[in-house]
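K.L.:
Let's see this in three dimensions:
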Amino acid sequence: MSRITYDAEKVTFNLAKIRKGGENFEVAIDPDLIVNYKSGKETDVKDILKSEKIFFDVKKGQLASEDKLKEVFGTTDVFSVSKRIFDEGEIQFTAEYRQKLQEEKRKKIIDLIHRKGVDPKTGLPHPTTRIENAFEEAKIRIDYFKKAEEQVEEIVKKIRIILPIRFETKKIEVKVGPEHSSKIYGVLQNYGKIIEQNWLNDGGLQLIIELPAGIVQEFFDKLNNMTHGQNETREIGE
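P.N.:
Numbering: from 1, shown residues only. Okay, here's the model as predicted:
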């Protein structure tokens, strides 16, 4: 399994590297594409490479010898060797890119917690600034390659001591007339899980959607905006 170097020496290139057979082997990479690759998205190895060359040292421009590549990897094919380095070696990002990744993933996780979690005392979402402060206090570390959704549960366990959070869902019944039904269906799907739906004889739509409690008001605002207030809603279980 490859890993990311968090506190590596300062680098001026985004690299994938591995040490085998007593030598370092490095390739210069496109950082966005290697993140996609390591996150499981289908990405062509050729596209990830900034240069179709294997180096002993990228910074010095020192190319790896074909003899050594053959000895260590059993091939001199750049793409086969590069894939081995991606899969088994480590990734080094420049400080600027690490900071960019950190900020993007951090914001996404905080937004997910804000949208899905509520304050047990009030039943309302925590403000994002409050969640950010809890991240700082708990010294939360973000995994660049892991999806934000996959990190939320573990992070919430760590900040819950500082910031009480409860994840809950609500079921909302929605009914709209034929003039709005087709255009809102796809939008509603983005907010939660549609667990029942019924297309009415007049072309209207009646459904029950389950969504995070923290975004219920946002959901209502969006629904009212799209239908100009011409909808009927009720919380199931009221």
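K.L.:
Could you tell me the model confidence score at Y144?
P.N.:
At Y144, the model reports a pLDDT of 80.
K.L.:
Just give the nearest non-adjacent residue to it, would you?
P.N.:
In this structure, Y144 finds its nearest non-sequential neighbour in L101, 4.7 Å apart by C-beta to C-beta, 6 or more residues apart in numbering. The C-beta positions use only the backbone N, C-alpha and C, and glycine is treated the same way.
K.L.:
thinking the one you found is in contact with D143, fair?
P.N.:
No - if you go by C-beta atoms under 8 Å, L101 and D143 don't touch, sitting 10.1 Å apart.
K.L.:
These two: which has the busier surroundings?
P.N.:
Shown here are L101 and D143; by other C-beta atoms under 10 Å, L101 has more neighbours (18 against 12).
K.L.:
Now name the helix or strand holding the more buried one.
P.N.:
helix 95-116 (DSSP states H and E).
K.L.:
Show me the shaky parts of the protein.
P.N.:
The model of the chain has pLDDT under 70 over residues 1-11, 238.
K.L.:
Quickly list the domain ranges of it.
P.N.:
The record's domain parsing of the chain by automatic domain parsing lists 11-92, 95-166, 168-235.
K.L.:
Give me the distance between the last one and the centre of its chain.
P.N.:
Looking back up the chat, that one is domain 168-235. 26 Å (C-alpha atoms, centre = their mean, to the nearest Å).
K.L.:
same check, this time on the second one
P.N.:
On the basis of C-alpha atoms, centre = their mean, the separation between the geometric centre of domain 95-166 and that of its chain is 12 Å.
K.L.:
okay, how far is it across it, tip to tip?
P.N.:
35 Å (C-alpha to C-alpha, to the nearest Å).
K.L.:
what comes up buried for stretch 16-33?
P.N.:
16-18, 25-29, 31, 33 (16 or more other C-beta atoms under 10 Å).
K.L.:
Take the residues you listed and write them to JSON lines, including secondary structure and distance to H126.
P.N.:
JSON lines is the format used below for the buried residues of stretch 16-33 (DSSP: H, G, I helix; E, B strand; the rest coil; distance: C-beta to C-beta, whole Å):
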{"residue": "A16", "secondary structure": "strand", "distance to H126": "38"}
{"residue": "K17", "secondary structure": "strand", "distance to H126": "41"}
{"residue": "I18", "secondary structure": "strand", "distance to H126": "42"}
{"residue": "F25", "secondary structure": "strand", "distance to H126": "46"}
{"residue": "E26", "secondary structure": "strand", "distance to H126": "43"}
{"residue": "V27", "secondary structure": "strand", "distance to H126": "43"}
{"residue": "A28", "secondary structure": "strand", "distance to H126": "42"}
{"residue": "I29", "secondary structure": "strand", "distance to H126": "37"}
{"residue": "P31", "secondary structure": "helix", "distance to H126": "32"}
{"residue": "L33", "secondary structure": "helix", "distance to H126": "35"}
